[in-house]
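Visitor: Generate a structure from the sequence data that follows.
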Amino acid sequence: PLDVGLFAPLQLAYQKAIEDYFLPTTIGINRDLFFALYKEARQQAYTLRNITSAFKKCGIVPFNPCPVLSELQNATALSRTASDFKDQEDSFPLERTPYTKCELRQQTSR
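Guide: The predicted model follows:
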């Protein structure tokens, strides 16, 4: 639930806290100030409403596996496996991951 409904609001709140501090002062942020700004952002982002919404969106409370299962089905339908590529005429086996254009050309020209 954290990545679904809490990290994005935390990121936005922290970004706003930094902007509110930095724009008028143009002074850098040290460790102590970081923790103070982070604490303020966390209090704004980790509200009961956001936490409840995150758990609901994940289907944890109330229990409802449908949202998660539908996301998994969509992801599975979009992802292609290696066997999908084997059936294509224009595919080619790679011995190893090429790191340069030259290595890619060498592997694909065989």
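Visitor: Pull the number of nearby residues for Pro9.
Guide: 19 (other Cβ atoms under 10 Å). Where C-beta positions appear, they are placed from N, C-alpha and C, glycine not excepted.
Visitor: which residues sit in contact with it?
Guide: For Pro9, the contacting residues are Gln44, Ala45, Asn50, by Cβ atoms under 8 Å, 6 or more residues apart in numbering.
Visitor: next one: Val68
Guide: Residues in contact with Val68 (Cβ under 8 Å, 6+ apart) are Cys58, Gly59.
Visitor: sec struct for it, please.
Guide: Secondary structure, DSSP: H, G, I helix; E, B strand; the rest coil: Val68 is helix.
Visitor: Next one: it from Thr26, what distance?
Guide: Val68 sits 45 Å away from Thr26, going by Cβ to Cβ, to the nearest Å.
Visitor: Neighbours of Ile27, how many?
Guide: 9.
Visitor: Use 16 as the first number for this chain going forward.
Guide: All right, first residue 16 from here; so that's Ile42.
Visitor: how near is it to Leu52?
Guide: 12 Å.
Visitor: Quick check: mean pLDDT of the lengthiest helix in the chain?
Guide: Using DSSP state H, we find that the single longest helix of the chain is helix 22-40. The pLDDT scores in helix 22-40 average 92.
Visitor: Flag every buried residue along that helix.
Guide: Pro24, Leu25, Ala28, Tyr29, Ala32, Ile33, Tyr36 (16 or more other Cβ atoms under 10 Å).
Visitor: And the next helix or strand past it?
Guide: Downstream of helix 22-40, the first helix or strand assigned by DSSP states H and E is helix 46-60.
Visitor: That following helix - contacts with which helices or strands?
Guide: Packing contacts for helix 46-60, counted by 3 or more Cβ pairs under 8 Å, 6 or more residues apart in numbering; DSSP states H and E, involve helix 22-40.
Visitor: Please find the angle between the direction vectors of the helix it packs on and helix 46-60.
Guide: Note on geometry: by axes from the mean of the first three to the mean of the last three Cα atoms, to 10 degrees, helix 22-40 and helix 46-60 are set 130 degrees apart in direction.
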